[in-house]
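[1] Let me see the structure of the following:
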Amino acid sequence: MTDPVSRTILLLDIERFSDRDDVEQAYLRRMLYDITDRVLECAGIDETRRLRADRGDSVMELIDANAPVTALLRALLTDVPAQLRTVNRMASSSAQIRLRGVLATGYVAVDRHDGWVGTDLNDACRLLDAQLLRAALRERPHDFALMVSNALYTGVVRHDHPGIPAGEFHPVGVDTKNGPMRAWLHGPLPSGHQAAPAGMADQDHRDTGAGEAPGGSGDRPAPRPAPAPEAAQAPRVPAQGTSPESRPAPGAVFNFNGGVNVGGSVVAGDQHGVSGGQVTGDVNLGGHNGGDGS
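    Reported below is the predicted structural model:
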């Protein structure tokens with residue numbers, strides 16, 4: 001396997017591909033490849049700066065990280081919708097092509113079978129398959145819906161470059177088997193979906209199972225343990241010998257002048273109880289006093 005290399009990741013997928021027959025699918029695949037090649041050409045990215053993987057109803061492009069991402073984003077926002085309008089204008093209803101797209105950045109390695117390996121690539125594929133992105137495309141009057149990763153938004157989109165209006169991208173939370181992912185959807189949110197909270201952090205689970213409920217299927221994030229209620233915490237015991245205000249209140253005081261004889265045992269002198277009580281005088285406890293024989 002090669003060492004992981006920083007790449008720009010472009011994914012494009014055909015909507016409702018499996019609903020078509022073989023002839024229609026072959027036509028749609030040809031249109032997908034033509035549109036992808038034209039977009040990359042418009043962005044100034046030639047074949048020497050990219051790798052392509054065929055996924056049947058989708059195409060995956062690994063693009064040299066030094067290629068201009070801003071030019072690629074502008075092409076995705078303007079050229080793809082224009083090309084889709086041109087293609088679909090002359091196509092029959094069964095040959096209409098509509099696309100979901102994801103643009104991300106990350107590290108990807110290539111194994112000896114020419115397979116692509118990388119958590120960043122896996123995350124991009126999860127965004128492409130997100131129900132939110134599918135719903136967005138269904139509700140769009142045009143034929144393209146684009147989502148970008150949080151890293152790409154932070155590094156490029158939010159800076160509001162010419163032709164890349166940051167205000168048209170909305171933060172969204174995408175549910176995955178390893179927990180929610182933060183991404184940015186271009187255009188209006190689909191009905192029933194809300195923007196991600198402003199404080200939502202981008203979580204990177206790295207396929208370690210982090211965020212899964214213990215013993216669960218991995219379809220939901222693990223709940224965080226609730227902090228112990230204050231009432232259940234052990235009370236603080238004041239230190240002895242501190243200021244008078246912090247000392248325990250004194251107990252009852254008993255005076256036995258001349259001593260007390262109870263069963264023969266003798267307690268002599270002033271006595272101070274552990275809990276604050278005080279006994280003065282001699283106390284005789286248990287048996288008879290050996291001195292007087294009584």
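
[2] Now for W116, how many residues are close by?
    The burial metric for W116, expressed as a neighbour count using other CB atoms under 10 Å, is 16. C-betas here are computed from N, CA, C, even on glycine.

[3] and the closest residue to it other than its chain neighbours, how many neighbours?
    Nearest non-adjacent residue to W116, counting by CB to CB, 6 or more residues apart in numbering: V108, 5.5 Å away. Neighbours of V108 under the rule other CB under 10 Å: 22.

[4] tell me the SS of V108?
    strand (DSSP: H, G, I helix; E, B strand; the rest coil).

[5] Now do the phi/psi pair for the spatially closest residue to H186 that is not a sequence neighbour.
    Counting by CB to CB, 6+ apart, L146 is the residue found nearest to H186 once chain neighbours are left out, at 4.5 Å. Dihedral pair for L146: phi -120, psi 140, per degrees, to the nearest 10.

[6] how many neighbours does L146 have?
    Using other CB under 10 Å, L146 has 24 neighbouring residues.

[7] returning to what we had before: may I have the beta-bridge partners of the residue nearest to W116?
    When bridges are taken as DSSP bridges, the partners of V108 come out as V5.

[8] isn't it right up against T119?
    No. The pair V108 / T119 is not scored as a contact, 9.3 Å apart, by CB atoms under 8 Å.

[9] which residues of the stretch 1-150 of the chain fall in strands?
    Per DSSP state E, counting those that start in this stretch, the stretch 1-150 of the chain has strands spanning 5-14, 50-54, 58-64, 99-110, 116-117, 144-149. These are given in chain order.

[10] next structured bit after the last one?
    Next helix or strand after strand 144-149 toward the C-terminus (DSSP states H and E): helix 150-155.

[11] Check which helices and strands that following helix sits against.
    In this structure, helix 150-155 packs against strand 99-110, strand 179-186, with contacts taken as 3 or more CB pairs under 8 Å, 6 or more residues apart in numbering; DSSP states H and E.

[12] so how far is N88 from the spatially closest residue to R74 that is not a sequence neighbour?
    The shortest distance from R74 to any residue that is not its chain neighbour, by CB to CB, 6+ apart, is 4.1 Å, and that residue is G163. Taking CB to CB, to the nearest Å as the measure, G163 and N88 are separated by 24 Å.

[13] Contacts only, for L62.
    Contacts here follow CB atoms under 8 Å, 6 or more residues apart in numbering; on that basis L62 touches 7-9, 50-53, 108, 116.

[14] Which two of the residues you listed have the greatest separation?
    T8 and A53 (14.3 Å; CB to CB).

[15] more neighbours, these two?
    When T8 and A53 are compared on other CB under 10 Å, the one with more neighbours turns out to be T8, at 25 against 15.

[16] mind showing which ranges of the stretch 101-250 of the chain have poor pLDDT?
    Judged by pLDDT under 70, the stretch 101-250 of the chain has its weakly predicted residues at 198-250.

[17] can you rerun that using 90?
    When residues are selected by pLDDT under 90, those of the stretch 101-250 of the chain lie in 110-117, 141-142, 175-180, 191-250.

[18] mind listing the helices in it by residue range?
    With DSSP state H, counting those that start in this stretch applied, the stretch 101-250 of the chain shows helices at 119-128, 131-139, 150-155, listed in chain order.

[19] Can you give me the buried ones in the shortest one?
    To tie it back to what came earlier, the one meant is helix 150-155. Under the neighbour-count criterion of 16 or more other CB atoms under 10 Å, helix 150-155 has 150-153 buried.

[20] Am I right that the residue nearest to H186 is in contact with L77?
    Yes. L146 lies in contact with L77 (CB under 8 Å); the separation is 7.1 Å.

[21] so what's in contact with those two at the same time?
    Shared contacts of L146 and L77, counting by CB under 8 Å, 6+ apart, come down to H186.

[22] Can you get me a residue count around the closest residue to G106 other than its chain neighbours?
    When the adjacent residues along the chain are set aside, G106 lies closest to D120, with 2.1 Å between them (CB to CB, 6+ apart). A count of neighbours around D120, defined by other CB under 10 Å, yields 19.
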